[in-house]
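Asks: The following block contains a protein sequence and its predicted model.
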Amino acid sequence: MKKLLTTLFALLLTAGLTACTSAPAASQASQPDESSTSSAPSQKPEENVELTVFAAASLTETLDEISKAYSEQHPGVQFTFNFDSSGTLQTQIEEGAECDLFLSAAQKQMDALEKGGFIDPDTRIDLLENKVVLAVPKGNPAGIKTFADIGTDKCSLIALGNDDVPVGAYSIEILTSLGLLEGLENSQKITYGSNVKEVTTQVSEGVVDCGIVYATDAFSAGLEVAETADPSLCSQVLYPAAVLKGSSHAKAASEFLAYLQGDEARTIFEKVGFTVIDAESAAK
């Protein structure tokens with residue numbers, strides 16, 4: 001009996017030692033294989049960026065189209081646009097409005113923002129060139145064919161941009177060059193719009209006999225062009241662009257600005273009548 005108990009005790013002791021020695025191996029086997037997990041690097045998703053772009057009203061259609069194409073290629077980038085006269089946009093920026101990228105329809109507004117320290121001068125470029133035209137409603141009921149006709153009985157009312165709007169400043173240049181401005185003002189033949197889109201609408205709706213707008217706006221609105229202003233009548237129409245110093249997304253804004261100078265954007269700009277300025281000559 002005593003021998004039997006001794007044998008059983010020995011067997012139990014052996015089993016216990018076996019379990020103790022095998023436990024670490026089992027525990028070690030349950031740990032994940034670090035070599036297999038470390039070989040697959042984690043993929044950081046593209047950061048979501050919402051770019052706020054202030055742009056001259058004459059860029060509405062083209063930038064809407066271009067931004068959609070850009071967002072398809074860069075899903076992490078979305079856009080918020082503020083389209084208005086360049087003077088209004090300048091004032092909003094100076095008053096602290098959040099903006100990443102500014103595209104003006106004239107140098108005057110960009111010059112003021114650069115002087116005030118609002119833009120990054122290293123990013124400033126001349127992006128586009130436009131033309132100023134005399135536009136008439138479909139069918140041209142008044143029979144206006146030239147800028148000179150504005151000073152005749154053919155024109156009873158003309159739409160212009162305000163003098164603080166780039167297209168308005170160009171219009172004043174033209175009418176002053178032709179010696180027509182004072183006579184039109186005295187005879188109250190001028191109605192004004194706060195930006196080029198308002199002028200275009202007045203012509204489209206036929207409430208005026210003609211209006212002075214950009215070639216691109218006349219094209220987008222389906223207006224007839226009676227005459228295009230040549231360099232003897234007004235200054236070259238350049239559109240400067242720059243990233244704002246206070247931008248929270250300066251890198252993304254710079255990348256989009258570079259895209260605007262590329263072939264895909266060029267096709268859209270040129271379709272409505274803009275000329276894209278060569279990137280090398282555009283740099284200041």
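Replies: Structure's in. What do you need?
Asks: quick one: buried residues of stretch 263-283?
Replies: 265, 266, 268, 269, 272, 273, 274, 276, 277, 282 (16 or more other Cβ atoms under 10 Å). From N, CA and C alone the C-beta is placed, and that goes for glycine too.
Asks: Identify the residues contacting the fifth one.
Replies: I take that to be residue 272. 61, 62, 216, 219, 220 (Cβ atoms under 8 Å, 6 or more residues apart in numbering).
Asks: Now the buried members of the residues you listed.
Replies: Buried members of the contacts of residue 272, scored by 16+ other Cβ under 10 Å, are 61, 62, 216, 219, 220.
Asks: JSON lines please, covering these and showing secondary structure and pLDDT.
Replies: Listed next are those as JSON lines, based on DSSP: H, G, I helix; E, B strand; the rest coil; pLDDT from 0 to 100:
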{"residue": "61", "secondary structure": "helix", "pLDDT": "95"}
{"residue": "62", "secondary structure": "helix", "pLDDT": "97"}
{"residue": "216", "secondary structure": "helix", "pLDDT": "97"}
{"residue": "219", "secondary structure": "helix", "pLDDT": "96"}
{"residue": "220", "secondary structure": "helix", "pLDDT": "94"}
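Asks: any idea which of those residues is the one closest to residue 207?
Replies: Proximity of these to residue 207 was ranked by Cβ to Cβ; the top entry is residue 220 with 18.7 Å.
Asks: Can you give me the separation between that closest one and residue 196?
Replies: 10 Å (Cβ to Cβ, to the nearest Å).
Asks: How far off centre is the helix or strand containing residue 185?
Replies: Counting by DSSP states H and E, the element that carries residue 185 is helix 181-186. The chain centre lies 37 Å from the centre of helix 181-186; the measure is Cα atoms, centre = their mean, to the nearest Å.
Asks: which residues are in contact with that helix?
Replies: Contacting residues not belonging to helix 181-186 are listed as 150, 151, 158, 172, 175, 190 [Cβ under 8 Å, 6+ apart].
Asks: so residue 143 touches residue 152, yeah?
Replies: No: look at residue 143 against residue 152 with Cβ atoms under 8 Å: they stay out of range, at 9.9 Å.
Asks: what is in contact with the two at once?
Replies: Residues touching both residue 143 and residue 152 (Cβ under 8 Å, 6+ apart): none.
Asks: From the chain's centroid, how far away is stretch 182-199?
Replies: 29 Å.
Asks: That one: which residues count as buried?
Replies: The neighbour-count check on stretch 182-199 (16+ other Cβ under 10 Å) flags 184, 189, 190, 193, 194, 195, 196, 197, 198, 199 as buried.
Asks: Please tabulate those in TSV and include secondary structure as additional columns.
Replies: Converted to TSV, the buried residues of stretch 182-199 look like this (DSSP: H, G, I helix; E, B strand; the rest coil):
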residue	secondary structure
184	helix
189	coil
190	strand
193	strand
194	coil
195	coil
196	helix
197	helix
198	helix
199	helix
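Asks: one step back: which one of the contacts of residue 272 is nearest residue 206?
Replies: residue 220 (17.3 Å).
Asks: For the closest residue to the closest one other than its chain neighbours, give its distance to residue 268.
Replies: Of all residues not flanking residue 220 in the chain, residue 61 sits nearest, at 5.0 Å (Cβ to Cβ, 6 or more residues apart in numbering). To residue 268, residue 61 is 9 Å away according to Cβ to Cβ.
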